[in-house]
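Asks: Pasting the sequence and the predicted coordinates here, then a few questions.
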Amino acid sequence: MRLVLALFLAVCHCHAKGELRLVLDEAFDGTTLNAKVWNIETGKRRDALNSTEAVDLREGRLVITTWTDTDAVTRCGFVTTRNKVLIRMGKAVARCRFQVDLGTQVAFWAQSPTYARSGKAAGAAEDGVEIDIMETTGQMGGEYQYALHWGPYRVPAEKRISSRHFKTKVGGEWHEYGVEWDESGYRFLRDGAVVASDTTSPVTQAPQYLLLTSESNIKGWSGTRPDAGYGSKADSRNTFEVDWVKAWTRSDAGAK
């Protein structure tokens with residue numbers, strides 16, 4: 001498995017706001033995920049079950065399949081670097097493609113272990129920001145969005161969001177999606193080009209971990225799940241595939 005961690009190899013390139021140091025270079029070449037870097041998180045989430053059975057490595061790709069078992073339980077995949085690889089004031093890019101049915105959302109995103117710790121939107125720079133680098137649902141018909149969330153999720157007076165929906169239909173195609181952030185704000189990338197900049201949200205100075213996930217609701221923002229679910233794992237076409245992931249940090253947050 002091709003994996004570069006900062007403790008063993010410093011790979012840098014220059015940036016006006018500081019030096020970016022490569023801390024993750026994952027090509028999913030093995031037969032199992034590297035447990036020093038990745039978690040497969042399990043348990044109930046929304047109207048589904050996060051399950052190891054939804055996560056596979058196939059021919060150099062991470063494949064997350066959202067499917068429904070014979071007990072009518074929909075199984076999703078939740079793959080993260082929580083407590084293992086963190087980045088701060090950095091950059092993250094993944095090459096991926098997706099097919100998303102109604103009731104499901106998939107995303108490549110970053111989150112902070114201390115998100116909303118202060119209880120105030122104004123504390124987001126230190127608390128961290130949810131950075132949805134590429135997020136899509138069955139309702140979007142192959143389109144996607146980025147989104148920034150800050151402030152406590154369940155406190156309407158403090159909850160904030162800034163987002164942009166891209167009308168380009170990219171579903172089913174391989175593309176590189178990324179974000180870079182520094183003191184000047186967030187820059188969202190597709191295939192190496194900046195497609196949006198955002199200075200609305202406070203810039204997170206907290207360490208952030210990465211997530212590659214599927215989630216499913218019976219009914220909601222992602223649409224209404226089919227009554228019969230998505231079929232067996234072998235039959236489901238509700239997939240999120242990731243070819244590779246790379247991440248850089250501007251501080252010592254990247255190595256655990």
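Replies: Nice, thanks for sending it over.
Asks: what's the offset of stretch 41-60 from the middle of its chain?
Replies: 14 Å (Cα atoms, centre = their mean, to the nearest Å).
Asks: That one spans what distance, first to last residue?
Replies: Stretch 41-60 has an end-to-end distance of 21 Å (criterion: Cα to Cα, to the nearest Å).
Asks: contacts for that stretch?
Replies: 27-33, 40, 62-67, 73-80, 82, 214-218, 225, 233, 243 (Cβ atoms under 8 Å, 6 or more residues apart in numbering). Bear in mind the C-beta positions are built from the backbone N, C-alpha and C, glycine included.
Asks: mind running it again at 7 Å?
Replies: Residues outside stretch 41-60 that contact it (Cβ atoms under 7 Å, 6 or more residues apart in numbering) are 27-33, 40, 63-67, 73-80, 214-218, 233.
Asks: what is the rounded mean pLDDT of it?
Replies: Averaging pLDDT along stretch 41-60 gives 98.
Asks: cool, stretch 92-105 as well?
Replies: Here the average pLDDT along stretch 92-105 is 98.
Asks: Only C-alpha atoms, please: export it in PDB.
Replies: C-alpha atoms of stretch 92-105 as PDB (Å, rounded to 0.1, in the frame of the first residue of the first chain):
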ATOM      1  CA  ALA A  92      -7.000  17.500   0.800                       C
ATOM      2  CA  VAL A  93      -7.800  16.000  -2.600                       C
ATOM      3  CA  ALA A  94      -9.500  12.700  -3.600                       C
ATOM      4  CA  ARG A  95     -10.200  11.200  -7.000                       C
ATOM      5  CA  CYS A  96     -13.600   9.600  -6.900                       C
ATOM      6  CA  ARG A  97     -16.900   8.900  -8.700                       C
ATOM      7  CA  PHE A  98     -20.400   8.100  -7.600                       C
ATOM      8  CA  GLN A  99     -23.800   6.700  -8.400                       C
ATOM      9  CA  VAL A 100     -26.300   7.800  -5.800                       C
ATOM     10  CA  ASP A 101     -29.900   6.700  -5.400                       C
ATOM     11  CA  LEU A 102     -32.700   8.600  -3.700                       C
ATOM     12  CA  GLY A 103     -32.400   8.500   0.100                       C
ATOM     13  CA  THR A 104     -28.600   8.400   0.100                       C
ATOM     14  CA  GLN A 105     -25.900  11.000   0.300                       C
END
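Asks: Low-confidence regions, the stretch 151-256 of the chain specifically.
Replies: Counting by pLDDT under 70, the stretch 151-256 of the chain has low-confidence residues at 254-256.
Asks: Which secondary structure state does residue 124 sit in?
Replies: helix (DSSP: H, G, I helix; E, B strand; the rest coil).
Asks: As a check, name the ranges of all helices in the stretch 101-250 of the chain.
Replies: 124-127 (DSSP state H, counting those that start in this stretch).
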